[in-house]
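Enquirer: Test case, fold it:
(one chain, ligands or ions: 1)
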Amino acid sequence: MNDLTCIIIGGGHAGLAALKAIQEKTRGKAGGRRIRFVLFDRQPWHVRKVMLFRPAANEEDIKIPWTDLSLEDFEFVQGMVQSVDSSEKRIRYTDAQGKDARIHYDLLVVAVGSIVRRPNSDQGGIALTDPQAAADIRERWRANMRQSVGDTNPEERKRLMTIAVAGAGISGIETSAELVLAMRKEAAALGIDSSDVSVYLLNEKERLFPEGPEKVGRKLEQALSECGVTVLHNRKVMREEAGVVTLNNDDCLTVGLCIWTIGLIPNPVLGGMDLPLTSDGQVLVDECYRVQGAPGVYSIGDCTRIVDPRTGKVDQMTCFEGGMQGGRLGKIVMADLEGYPAPIHKSSRSLIDVFSIGLGQNRGLLWSRKWGLDMIITGKIAWKLKKLAWDGASMLR
Ligand SMILES: Cc1cc2nc3c(=O)[nH]c(=O)nc-3n(C[C@H](O)[C@H](O)[C@H](O)COP(=O)(O)OP(=O)(O)OC[C@H]3O[C@@H](n4cnc5c(N)ncnc54)[C@H](O)[C@@H]3O)c2cc1C
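Expert: Numbers count the residues shown, from 1 in each chain. The predicted structure follows:
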């Protein structure tokens, strides 16, 4: 009998979790047929997206070859998937040589994720969108610091050593903490005054971390201030031009660099994929991640709108949610293959709400809430747990 082909589009955190879970639950077989697993990604490596801010501060490679993951027994195809023909059960993609190609699937998991939101082109600055942007950011602030060494004008020196981070979600918090520490280290290496280093974190909301209790927001702000980050609340960056950042209250900051960390949007490639989408561009699925009107097609992760049918709660675009969905998808696929009722989605955050935030080398904060009780861990232990979460999400060996 022919093999069944299970294709996963997208080797991000959700796609990898799905691949692992489907392999484990099916043990590579269904109804006596072997399942052939094929992972498609447009890139030749897995990007550890949750760590995107790290190479903006330090030289660190967050691109992992597929062969270095703890997953086995799958084929990898580098290709940009263009569309899904659900009536013919085929996907169309552009291969690594730029040629148009098609491949049949029996089972398909769409996990093409999200992209980082960019400001308008006239708003200046650099958005932290991908590893190349992170490397450009690092180059820029390091060049500014080298330039400041020979500058005799104290105001200009200060400007060159100042960064504004626009957007104070978790990635903005992590980016500003890593940057201030890396810049101070660089200042010491260059023999310049590290107290001239300034990092501003611009928060358009009233406080940090609206996802959790106020006290966690306060603790984060205190930790940021201890490492040298100044948080400005109710302040939105309107634009950066020639080293001047203009805020929504018309105040200005003079900076050497402005970095945008303003969140994620569903991958725009979905617009041409012939899948049912919400008005925000996420794939529409039922409570078992099945794509409506497309037998054998499932969708999870940032690219999907997933709602808990019991509470109406919509899953957020996070690695935590994507990983939990991937794990459940293994059981769902198995149930659908064997013809018994599949488990339905339950918001992971209704079981346990957890966020961990890195605050630079050896510092972090983990908050979790279960049965209405808050638990907060800070410092080295929180950092170690964060590292474990990063490694687990990327299925490192
Ligand atoms: C700086 C930063 C920090 C973050 N920190 C955290 C955190 O601390 N905790 C947390 O839970 N979440 C965090 N997130 C969010 C988290 O990164 C995302 O929720 C998570 O990456 C979503 O995983 P995903 O697999 O759905 O999508 P993605 O990670 O976006 O992966 C999608 C994959 O699909 C591939 N792809 C895209 N289009 C195609 C195509 N047409 N054909 C083939 N392949 C394609 C991409 O190359 C990519 O490998 C952070 C995000 C950022 C940017």
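Enquirer: Phi first, then psi, for the residue lying closest to W45 once chain neighbours are set aside.
Expert: The shortest distance from W45 to any residue that is not its chain neighbour, by CB to CB, 6 or more residues apart in numbering, is 4.2 Å, and that residue is K63. Where you see a C-beta, it was placed from the backbone N, CA and C, and this is true even at glycine. As for K63, its main-chain torsions (degrees, to the nearest 10) stand at phi -100, psi 120.
Enquirer: For beta bridges, what are the partners of K63?
Expert: V47 (DSSP bridges).
Enquirer: Quick check: residues of the stretch 1-150 of the chain near the ligand?
Expert: Applying CB under 6 Å from any ligand atom, one finds that the stretch 1-150 of the chain approaches the ligand through 9-15, 40-43, 47, 49-50, 52-53, 80-81, 111-114, 116.
Enquirer: Repeat the analysis, applying 5 Å as the threshold.
Expert: 10-14, 40-43, 49-50, 52, 80-81, 111-114 (CB under 5 Å from any ligand atom).
Enquirer: And the contacts of stretch 82-95?
Expert: Residues outside stretch 82-95 that contact it (CB atoms under 8 Å, 6 or more residues apart in numbering): 7, 9, 40, 77-81, 100-106, 108, 110, 269, 272-275, 291, 293-297.
Enquirer: ok, of the residues you listed, which come out buried?
Expert: Burial of the contacts of stretch 82-95 was assessed by neighbour count (16 or more other CB atoms under 10 Å); the buried members are 7, 9, 40, 77-81, 103, 105-106, 108, 110, 269, 273, 275, 291, 294, 296-297.
Enquirer: Report the contact partners of the residue found closest to N203 once you drop the neighbours it is linked to in the chain.
Expert: Across the structure, with CB to CB, 6+ apart as the measure, the residue nearest N203 apart from its sequence neighbours is A168 (3.4 Å). If a contact means CB under 8 Å, 6+ apart, then A168 has 201-205, 208, 231 as its contacts.
Enquirer: And S347, by the same measure?
Expert: Taking CB under 8 Å, 6+ apart as the contact definition, S347 lies against 308, 311, 313, 315.
Enquirer: now do D41
Expert: For D41, the contacting residues are 9-11, 15, 66, 76, 78-79, taking CB under 8 Å, 6+ apart as the criterion.
Enquirer: what's across from it in the sheet?
Expert: The partner residues for D41, given DSSP bridges, come to Q78.
Enquirer: what's the spacing between it and W371?
Expert: Taken as CB to CB, to the nearest Å, the spacing of D41 relative to W371 amounts to 39 Å.
Enquirer: just to revisit the earlier point, can you give me the neighbour number for the residue nearest to W45?
Expert: Under the neighbour criterion other CB atoms under 10 Å, K63 is assigned a count of 13.
Enquirer: rewinding a little: quick one: which of the contacts of D41 is nearest the ligand?
Expert: The nearest member of the contacts of D41 to the ligand, counting by CB to the nearest ligand atom, is G10 at 2.9 Å.
Enquirer: part of a helix, is K205?
Expert: No - residue state for K205 (DSSP: H, G, I helix; E, B strand; the rest coil) corresponds to coil; a helix is not indicated.
Enquirer: Can you name the residue of the stretch 251-397 of the chain nearest to the ligand?
Expert: G301 (2.4 Å).
Enquirer: could you measure that residue against A17, distance?
Expert: Counting by CB to CB, the gap between G301 and A17 amounts to 8 Å.
Enquirer: residues shared between the contacts of those two?
Expert: Among the neighbours of G301, those also in contact with A17 (CB under 8 Å, 6+ apart) are 322, 325-326.
Enquirer: Inside helices: which ones of these?
Expert: Among the shared contacts of G301 and A17, the members found in helices (DSSP state H) are 322, 325-326.
Enquirer: Make CSV out of these and add pLDDT and neighbour count.
Expert: As requested, these are arranged in CSV below (pLDDT from 0 to 100; neighbours: other CB atoms under 10 Å):
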residue, pLDDT, neighbour count
G322, 97, 30
Q325, 98, 26
G326, 98, 26
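Enquirer: which residues touch the closest residue to I344 other than its chain neighbours?
Expert: With sequence-adjacent residues excluded and distances taken as CB to CB, 6+ apart, I344 is closest to E287, at 4.2 Å. Residues near E287 by CB under 8 Å, 6+ apart: 307, 309, 344-345.
Enquirer: Perfect, that will be all.
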